[in-house]
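Trainee: Show me the folded form of this:
(one chain, ligands or ions: 1)
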Amino acid sequence: SREIQLKRRPVGKPVAEDFTCASRDVPPPAEGEVQVRNLWMAVDPAMRGRMDDAKSYVPPFALDAAMEGPAIGEVIASHDPDFAPGDLVFSRLGWREAFNAPASALQKRDKHALPSQAWLCFAGMPGLTAYAGLLRIAQLKAGDVVFVSAASGAVGSIACQIARNMGCPVIGSAGGPDKVAFLREVLKVDAAIDYKAEPSLTKALAREVKAIGASGIDVYFENVGGDHLQAALSLANNFARFAVCGMISQYNVTDAPSVPRNLTMIMTKRIRMEGYIALDHMDLEAEMVEQMTAWSAAGQMASAETIYEGIDKALDAFWGLFSGANIGRTMVKLS
Ligand code: NDP
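Mentor: Alright, predicted model coming up:
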């Protein structure tokens, strides 16, 4: 079985030399262990943070060991009474083709309700991240004007669809004409901005707010930071709610991060801006899965995916998050 290990801690943008693809034997599982062959793994931007030796909400990746991340696999052999060969399981043991683990590291998933990779997308952490951010943090209600940045990505594409399904006008921002076409045609947002083609994001957002007949935005689903946050502050209505999910434009910067020049608007407009981590909202998971499954069955939750084939393409998949090569959830098909 092959796995991707972290060899040294990247400085700024990671390079190929920071990693290695190693082979190791996976022996038959011991008593209490389950053997799993991974079918899919997903990559996400937060993995960049875990490559640094810095204190955060999850510990750093160890050096010379396989990295971790969400994966869906099939049980091959089991020495635990709760798991049987053929079961579909979720684990955080991605970045490897196969593994043995105690049953406590695995969660069973329904094989029939959804395609297996959906458990890494709208029915998995990206779904929970979008759901918790909009419903709990931003307290979304029908009619709110919603602005979503990195709107074509894993979390953003789901946030756009949740807001749309709840009767909210949605403005999405993404980089490039293909992504903008995807926002309009697949996610069916009301307005889409190609931020790479706009000299001023604030002017572009003002134009689109006007085009949909609104006075400003009520909810900002923040994935990017920097200019996007500045534009959202400028166009916010009084008492707007900003759910701060991520700030990807800042993750690889080595010099001073870019801070919006209009932060005082948080006070003058009485904006409530709140950061959150999806893992703190696991109590919403069952409700989220039920809602997503219903929307999916009704054709109201498109599963947007960019798929790479084979563990040797896993790093390409990861780089793609930062170069903007992906649409929807970025996943690697492992077998
Ligand atoms: P995505 O699938 O959205 O991939 C990242 C996207 O970010 C890229 O497709 C790219 O799209 C965009 N991007 C990259 N660099 C920049 C930049 N400099 N400026 C603007 N856009 C950029 O990843 P995820 O959906 O997994 O994550 C989205 C955000 O959510 C991230 O900030 C992530 O850290 C955060 N997150 C937070 C969680 C939480 O619990 N709080 C949980 C999961 C994710 P484009 O081509 O449009 O630029």
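Trainee: quick one: contacts for Ala105?
Mentor: Contacts for Ala105 (C-beta atoms under 8 Å, 6 or more residues apart in numbering) come out as 91-93. Just so you know, the C-beta spots here come from the backbone N, C-alpha and C atoms, and that holds for glycine as well.
Trainee: go with 7 Å
Mentor: Listed by C-beta atoms under 7 Å, 6 or more residues apart in numbering, the contact set of Ala105 reads 91, 93.
Trainee: And for the one 3 residues further on?
Mentor: Lys108 makes contact with 87-89 under the criterion C-beta under 7 Å, 6+ apart.
Trainee: what do you get for Ala98?
Mentor: Ala98 touches 1, 26, 35-38, counting by C-beta under 7 Å, 6+ apart.
Trainee: Start and end of stretch 87-104, how far apart?
Mentor: Using C-alpha to C-alpha, to the nearest Å, one end of stretch 87-104 lies 15 Å from the other.
Trainee: close to the ligand, is that stretch?
Mentor: No - applying C-beta under 6 Å from any ligand atom, one finds stretch 87-104 out of contact with the ligand, separated by at least 13.3 Å.
Trainee: Stretch 321-332 too?
Mentor: Yes - Stretch 321-332 reaches the ligand (C-beta under 6 Å from any ligand atom) through 321-322, 324, 326, 330.
Trainee: Strands - which of the contacts of Lys108 land there?
Mentor: By the criterion of DSSP state E, membership of the contacts of Lys108 in strands covers 88-89.
Trainee: okay, the contacts of Lys108 in a markdown table with neighbour count and pLDDT next?
Mentor: Converted to a markdown table, the contacts of Lys108 look like this (neighbours: other C-beta atoms under 10 Å; pLDDT from 0 to 100):
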| residue | neighbour count | pLDDT |
| --- | --- | --- |
| Asp87 | 18 | 98 |
| Leu88 | 18 | 98 |
| Val89 | 23 | 98 |
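Trainee: circling back: closest to the ligand out of the contacts of Ala98?
Mentor: Nearest to the ligand among the contacts of Ala98 is Asn38, at 18.7 Å by C-beta to the nearest ligand atom.
Trainee: who's in contact with whichever helix or strand the closest one is part of?
Mentor: Here Asn38 sits within strand 33-42, counting by DSSP states H and E. Residues from elsewhere that reach strand 33-42 (C-beta under 7 Å, 6+ apart): 26, 29, 69-80, 83, 89, 91, 94-103, 106, 116-117, 120, 314, 329-335.
Trainee: Buried ones only from the residues of stretch 321-332 next to the ligand, please, as a PyMOL command.
Mentor: In PyMOL, this line selects whichever of those come out buried by 16 or more other C-beta atoms under 10 Å:
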select buried, resi 321+322+324+326+330
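Trainee: Pull the number of nearby residues for Lys13.
Mentor: 14 (other C-beta atoms under 10 Å).
Trainee: what's the closest residue in space to it that isn't next to it in sequence in contact with, if anything?
Mentor: Setting aside the residues directly before and after it, Lys13 is nearest to Asn252 in space (C-beta to C-beta, 6 or more residues apart in numbering), at 4.9 Å. Counting by C-beta under 7 Å, 6+ apart, Asn252 touches 12-13, 322.
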